[in-house]
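Visitor: Everything below, folded, please.
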Amino acid sequence: MPVWLEELKKEYVSPDGQAVPVIDVPFFRLEDGEQVALVGGSGTGKTTLLHLIAGILVPDRGRICFGREPEPAAPIPAVAAGDGPVLAYRSPAPGTPGIIDITSLSEAQRDQFRGRYIGYIFQTHHLLPGFTAQENVLLGMSFTGRRTDPQWAKYLLREVGLAERLNYKPGKLSVGQQQRVAVARALANRPKLVLADEPTGALDPKTAQQVLDLIRRLCKEVGASLLLVSHDPKIVEQLPRAVALSELNRASTATNAAVAV
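Guide: Residues are numbered from 1 along each chain as shown. Model prediction:
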C-alpha cells in the first residue's frame, strides 16, 4: 500500500511561548513494497515524522494518504544539472475511493488503522516485562479487533531465532533478543507499512546486521513497505533508496534542535 505526504507541517510551542517548526515536508512518497532509509541525525524531526505517519501525532496542516498511487504528471526539469527528469505527482482528491487520509480520522479510527496496517519498531523494544515473548507478540494482535493467531506468533518468533524462548520474559532475554521480539511483534498483523526508528541503534554491529536482515526479509514476506530511520552509513547503504531528512524537511534543523524529537 503506497503512502505519500503532502505539505505536511507540525509545530511545537517552546517554553517561552514561541512556535517552533519541526516538520515541513512538501512531498514524500513511498512505493508499495519499497524499502527506504530515512537518514536523519538528532534534531531533524525523524521521530516526529514517523509518529505523524503512524497517526500517533496529528499534523497542523497537510495530508498523509494511504492507498492507490498518485497519478504521475508530466516530468519537470531537475534542479541540479545532469540529473534526470523529476516527476511531479497529481494527488487524488480527498474522498477518492481506495484512498485513506489518516489526518481526517478520529483518534480511535487512527488507532484502529495503525493496528491493522502499520507495524512500528522502536529503538528500544518497549516489551511488557510481565509477558513472555509469545504473549508480547500476541498482544500486538489484540488491537485490531481480529482473532489472535498463536501459530503465526510462533512462526514469527521461530523466524527471528527465538523458537526455544517463546516462554521467556524480556528480563531473561538479551538486548538483541528483546529487539527480535519487537520485530516479530511489529509484523504480527501482517502490516502494509513498517516504520522502524533506529531499530539497531542500541545493538552491537553483528546483532544490528542480523536484526536488519530480519526486518527486511520479513517485510518482503508479508508484502510490507519499509521506512527505516538510521544515521549509520553501514545500515543506510543496504537499502535500495536513501532520503536525507535534512533535505526533505524544510523546517530548520537548528530550530528542530530546540525541541525533543
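
Visitor: for the helix or strand where residue 185 lies, packing partners?
Guide: Element membership of residue 185, judged by DSSP states H and E, is helix 175-186. Helices and strands touching helix 175-186, by 3 or more Cβ pairs under 8 Å, 6 or more residues apart in numbering; DSSP states H and E, are strand 118-121, helix 133-141, helix 150-159, helix 205-222. Every C-beta, even on glycine, is put in place using the N, C-alpha and C of the backbone.

Visitor: Please tabulate the ones you listed in CSV, including the columns mean pLDDT, mean neighbour count and distance to residue 173.
Guide: What follows is the helices and strands packed on helix 175-186, written out as CSV (pLDDT from 0 to 100; neighbours: other Cβ atoms under 10 Å; distance: least, Cβ to Cβ, whole Å):
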stretch, mean pLDDT, mean neighbour count, distance to residue 173
strand 118-121, 95, 25, 16
helix 133-141, 92, 22, 7
helix 150-159, 94, 17, 11
helix 205-222, 93, 17, 12
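
Visitor: Minimum distance to residue 24: which of these has it?
Guide: strand 118-121 (22.7 Å; Cβ to Cβ).

Visitor: pull the CA atoms of that closest one into CSV?
Guide: Taking Å, rounded to 0.1, in the frame of the first residue of the first chain, the C-alpha atoms of strand 118-121 are listed here in CSV:
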residue,chain,number,x,y,z
ILE,A,118,1.2,-0.3,10.4
GLY,A,119,4.0,-2.0,12.3
TYR,A,120,6.3,0.1,14.4
ILE,A,121,9.7,-0.9,15.6
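
Visitor: Please list the outside residues in contact with it.
Guide: Contact with strand 118-121 is made by 50, 53-55, 114, 182-183, 185-189, 191-197, 199, 215, 224, as judged by Cβ atoms under 8 Å, 6 or more residues apart in numbering.

Visitor: for the helices and strands packed on helix 175-186, which one sits closest to residue 174?
Guide: Of these, the one closest to residue 174 (Cβ to Cβ) turns out to be helix 205-222, at 8.3 Å.

Visitor: Could you name the helices and strands sitting against the closest one?
Guide: By 3+ Cβ pairs under 8 Å, 6+ apart, helix 205-222 packs against helix 150-159, helix 175-186, strand 193-197, strand 225-230, helix 233-236.

Visitor: any idea how far residue 11 is from residue 22?
Guide: 6 Å (Cβ to Cβ, to the nearest Å).

Visitor: out of these two, which sits in the busier spot?
Guide: Shown here are residue 22 and residue 11; by other Cβ atoms under 10 Å, residue 22 has more neighbours (27 against 18).
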